[in-house]
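J.: Sequence and computational prediction follow.
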Amino acid sequence: MDNREKLDSLIAEACNAAGVSLVELDMFRAGKRKTIRLFIDKPEGVSIDDCSNVSRHLSDALDLDPEIIEGAYTLEVSSPGLDRPLKSVADFIRNKGRFIRVTRSTGKPITGKLVEADEQNLTLALKGNAGNVVVPRAEVLVAKVDVQI
């Protein structure tokens, strides 16, 4: 198992231990330090404690095997944020039941509660019992969680 596979495994363990899902992983070099940036989520939203738990669990595991990441590194763990675009099927599935705003290739945005999502389509329940609308994923330019106040 190479170092990247070991790191991926440790990240999965840390997320499982905290009861969260990994949304995105970014790794890059900032000067002499490597930065590992994790975005995590769960259906009821991510708390600071969730981020701390993942960070602590992963840091402890990385300290036990310093060869996985050679040299100094920075570990950042946060929620993906409400303004992060939804891209993958996993992003959409994770946000089922939430209101999302979809801008289609026609330029016209549509907002509704995400009912279903797969590789081909998104099904949104429109407000006011206006029924469901199916939006082909190929037509989606941008999709984001729409915060309802």
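T.: Everything's here; your move. Numbers count the residues shown, from 1 in each chain.
J.: how close does the nearest residue to Thr106 once chain neighbours are set aside get to Leu82?
T.: The shortest distance from Thr106 to any residue other than its chain neighbours is 7.2 Å, reached at Glu139 (CB to CB, 6 or more residues apart in numbering). (Glycine included, C-beta is placed from N, CA and C.) Using CB to CB, to the nearest Å, we find Glu139 at a distance of 23 Å from Leu82.
J.: and what of Ala12?
T.: According to CB to CB, Ala12 and Leu82 sit 25 Å apart.
J.: Which element, helix or strand, includes Phe28?
T.: With elements delineated by DSSP states H and E, Phe28 resides in strand 21-30, which encompasses its position.
J.: show me the contacts for the residue nearest to the spatial centre of the chain.
T.: For the chain, the residue whose C-alpha lies nearest the mean C-alpha position (CA atoms, centre = their mean) is Val23; its distance is 2.6 Å. For Val23, the set of contacting residues under the criterion of CB atoms under 8 Å, 6 or more residues apart in numbering consists of 39-41, 80, 90-91, 94.
J.: got it, and Ala17?
T.: Contacts were defined as CB under 8 Å, 6+ apart; by that measure Ala17 touches 53-54, 57.
J.: In space, what's closest to Leu75 - neighbours in sequence excluded?
T.: For Leu75, ignoring the flanking residues on the chain, the nearest one in space by CB to CB, 6+ apart is Ile36 at 5.1 Å.
J.: isn't the one you found right up against Glu76?
T.: Yes. Proximity of Ile36 to Glu76 meets the contact threshold set by CB atoms under 8 Å, at 7.1 Å.
J.: Look at the two and report which has more neighbours.
T.: Taking neighbours as other CB atoms under 10 Å, Ile36 and Glu76 compare with Ile36 leading, 19 against 12.
J.: Mind checking what secondary structure the more buried one has?
T.: The three-state label given to Ile36 by DSSP: H, G, I helix; E, B strand; the rest coil is strand.
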